[in-house]
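# no letters, just coordinates:
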């Protein structure tokens with residue numbers, strides 16, 4: 001098995017060398033528009049209950065989308081606004097879910113964090129946590145019903161703040177926790193450190209993780225093994241954990257095509273053996289049994 005992955009890694013690195021750093025990206029997240037939802041488009045959608053506000057989510061339908069078919073769904077929460085890595089915190093600037101799917105085979109939804117005022121999306125930390133959770137619980141079934149999303153095959157992912165949010169929001173209560181068939185985090189994990197907001201402590205995070213109910217989780221990032229060894233070592237029975245260290249400093253010649261810091265969700269837009277492993281993990285789950293009740 002090690003020989004297989006070594007061979008894949010060498011092939012990917014050879015391909016990147018042939019392409020040249022400037023042309024090595026094979027994906028580019030579509031720009032969000034105000035168009036009607038359509039195949040291959042990323043569009044802005046405002047829920048009825050937030051009409052007249054700046055609260056919205058972004059919806060992407062796969063390039064082969066057919067309204068008579070059903071598709072697995074990737075739901076994403078974005079990272080914080082952090083200028084050092086060019087993260088804007090905006091739903092329209094999410095990248096991880098699009099990288100996981102490659103724009104095919106999945107409906108992709110970038111969900112908002114609702115601000116405390118209820119009038120806009122929050123770009124730093126959580127805003128109104130209950131409103132954010134409620135937004136997802138209300139709108140995810142609507143989106144699936146309208147556009148052919150399969151509620152038995154919904155996956156939750158996030159980068160940075162969003163990686164923490166996979167548990168902090170996605171496992172906030174029993175109702176929202178039931179949606180997910182699998183979980184994917186990149187750079188950070190709920191409970192690995194205390195960030196200072198209520199509920200960021202280890203004990204609270206472990207209580208949320210109990211809601212995993214043994215479901216699959218891929219923990220990836222520059223410190224995935226450290227999260228395994230320092231935080232989740234004695235708690236891996238809570239889920240089916242897979243850990244994937246992603247050495248972004250080896251994948252990019254920083255600065256490169258908008259990547260100015262190793263903390264980035266754009267690694268999925270560039271061919272690598274790590275992307276192959278992440279996509280295989282997801283593909284295997286899409287075809288695996290039905291989601292837990």
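Happy to help now that I have it. Every value quoted in this text rests on a predicted model; they were computed, and no experiment measured them.
# rest of the way, CA atoms for contacts and neighbours
Fine.
# residue ranges for the strands of the stretch 51-200 of the chain, please.
With strands called from DSSP state E, counting those that start in this stretch, the stretch 51-200 of the chain shows them at 57-60, 71-77, 107-110, 149-159, 182-186.
# switch these over to TSV; also include mean pLDDT.
Below are the strands of the stretch 51-200 of the chain laid out as TSV (pLDDT from 0 to 100):
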stretch	mean pLDDT
strand 57-60	98
strand 71-77	98
strand 107-110	98
strand 149-159	98
strand 182-186	98
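# in a markdown table, list these along with mean neighbour count.
Formatted as a markdown table, those follow (neighbours: other Cα atoms under 10 Å):
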| stretch | mean neighbour count |
| --- | --- |
| strand 57-60 | 24 |
| strand 71-77 | 26 |
| strand 107-110 | 28 |
| strand 149-159 | 24 |
| strand 182-186 | 27 |
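# of these, which is nearest residue 238?
Residue 238 lies closest, by Cα to Cα, to one member of these: strand 182-186, at 12.8 Å.
# which residues sit against the closest one?
Residues from elsewhere that reach strand 182-186 (Cα atoms under 8 Å, 6 or more residues apart in numbering): 154-160, 162-164, 166, 215-221, 265, 285.
# please apply the same query to stretch 33-46.
30-32, 54-66, 92, 103.
# now it: buried residues?
For stretch 33-46, a neighbour-count test (16 or more other Cα atoms under 10 Å) marks 37, 38, 39, 40, 41, 42, 43, 44, 45 as buried.
# of all those, which comes closest to residue 277?
Distances from residue 277 to the buried residues of stretch 33-46, taken by Cα to Cα, are shortest for residue 40, at 24.4 Å.
# got CSV for the strands of the stretch 51-200 of the chain, with distance to residue 122 too?
Converted to CSV, the strands of the stretch 51-200 of the chain look like this (distance: least, Cα to Cα, whole Å):
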stretch, distance to residue 122
strand 57-60, 12
strand 71-77, 11
strand 107-110, 13
strand 149-159, 15
strand 182-186, 20
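# give me the helix or strand of this protein that scores worst on average pLDDT.
Ranking every helix and strand in the chain by mean pLDDT, DSSP states H and E puts helix 2-19 at the bottom, with a mean of 42.
# helix or strand right after it?
Downstream of helix 2-19, the next assigned helix or strand under DSSP states H and E is strand 42-45.
# any idea of the mean pLDDT in that next one?
In this model, strand 42-45 has a mean pLDDT of 98.
# distance from it to the middle of the chain?
On the basis of Cα atoms, centre = their mean, to the nearest Å, strand 42-45 sits 17 Å off its chain's mean C-alpha point.
# bridging residues for the closest residue to residue 31 other than its chain neighbours?
Using Cα to Cα, 6 or more residues apart in numbering and skipping the chain neighbours, the partner closest in space to residue 31 is residue 42 (6.5 Å). Here residue 42 sits in beta bridges with residue 60, as judged by DSSP bridges.
# isn't residue 82 up against residue 88?
Yes. Contact status for residue 82 versus residue 88: in contact at 6.4 Å, counting by Cα atoms under 8 Å.
# between these two, which has more neighbouring residues?
Under the criterion of other Cα atoms under 10 Å, the comparison of residue 82 against residue 88 puts residue 88 first, with 17 against 12.
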